[in-house]
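J.: coords please:
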Amino acid sequence: MKQGIFEIVHNTPLTDNVYKMTLRGDTSAITAPGQFVNIKLDGLYLRRPISVCDLQADLLTIIYKVVGKGTQQLSEMKAGTLHLLTGLGNGYDLTKSGEAPVLLGGGVGVPPMYLLCKKLLEQGKSVQVILGFNTKNEVFFEQEFKSLGAQVTVTTVDGTFGQKGFVTDALKSCTYSYFYTCGPEPMLKAVYRAARTSGQLSFEKRMGCGFGACMGCSCKTITGYKRICKEGPVLEKEEILWES
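T.: Here you go, the predicted structure:
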């Protein structure tokens, strides 16, 4: 983990309430796709954890949804600097992907799939990507994934764009060696049950500190309790114990 000052380069809307922000600073602590940063905002006690979407030298891209006071404040920043903790969480393990992994992202679980997709394609993998949204107006980053060279399927619950249904509906017709996923817990649970292979799931939890000190984001696994911000957010399919 490192802390540092990052300059805001761009902060633009992708949809009505989803924004893409590019920051410039020391990104050396970020070593794996699926890690996150913790952002300090003026006047707010707790930092805001945001997953890493992309990384290029000293440029860091994050995508976030406006859901409360902190992200609303973030969306209104067009210039200036932010204090970040970087290199948080364990990230995805690319060594287990096999030759044809499938990546499933739901809503704001889509961004970490982008850097993961880039890294897998650089390894010569044949990557399939399934992006899930509720409706057409929420869809983002379809073309960005296609530009990388991945095979992309978009699903919407109401059928207004792409394939109607959930990411698990699109998964049924896929042939894949391994899966990676990130999204809301109901989606993760559905993917867990539907997947025909092993895989890795990235969990979203409310975090106090973001680096394992407060124990507030602990969850039970087959080997005991793990902190989502420290030993996670990525857990392997075989170690997960669902609470309900």
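J.: residues contacting the nearest residue to K2 once chain neighbours are set aside?
T.: Nearest residue to K2, sequence neighbours excluded (CB to CB, 6 or more residues apart in numbering): A29, at 3.9 Å. C-betas here are computed from N, CA, C, even on glycine. By CB atoms under 8 Å, 6 or more residues apart in numbering, the residues touching A29 are 1-2, 86-87.
J.: got the domain boundaries for the protein?
T.: Taking automatic domain parsing as the domain assignment, the ranges for the chain are 2-88, 94-239.
J.: Lowest average confidence across these, which one?
T.: Looking at these, the lowest mean pLDDT belongs to domain 94-239 (a mean of 93).
J.: I'd say P233 and L188 touch.
T.: No - counting by CB atoms under 8 Å, P233 stays clear of L188, with 10.7 Å between them.
J.: overlap in contacts of those two?
T.: F203.
J.: the more surrounded of the two?
T.: P233 (29 against 22; other CB atoms under 10 Å).
J.: burial of A195, as a residue count?
T.: 20.
J.: Next, the contact list for it, please.
T.: Counting by CB under 8 Å, 6+ apart, A195 has contacts 171, 179, 237.
J.: okay if I get those residues as JSON lines plus distance to F203, secondary structure and neighbour count?
T.: Listed next are these as JSON lines, based on distance: CB to CB, whole Å; DSSP: H, G, I helix; E, B strand; the rest coil; neighbours: other CB atoms under 10 Å:
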{"residue": "L171", "distance to F203": "19", "secondary structure": "helix", "neighbour count": "22"}
{"residue": "F179", "distance to F203": "15", "secondary structure": "strand", "neighbour count": "26"}
{"residue": "K237", "distance to F203": "12", "secondary structure": "helix", "neighbour count": "16"}
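J.: isn't E204 right next to G109, touching?
T.: Yes - at 7.3 Å, E204 counts as touching G109 under the criterion of CB under 8 Å.
J.: Need the residues touching each of these two.
T.: In contact with both E204 and G109: 182-184, using CB under 8 Å, 6+ apart.
J.: what residues are up against the residue of the chain positioned farthest from its centre?
T.: The outermost residue of the chain, judged against the average C-alpha position, is G43 (26.2 Å), by CA atoms, centre = their mean. Contact analysis of G43 by CB under 8 Å, 6+ apart lists Q73.
J.: For L235, give the beta-bridge partners.
T.: L201 (DSSP bridges).
J.: quick one: it and Q3, what's the gap?
T.: For L235, the distance to Q3 (CB to CB, to the nearest Å) stands at 26 Å.
J.: same check, this time on T61
T.: With CB to CB as the criterion, T61 and Q3 are 19 Å apart.
J.: more neighbours, the two?
T.: More crowded of T61 and Q3, by other CB under 10 Å: T61, with 18 against 13.
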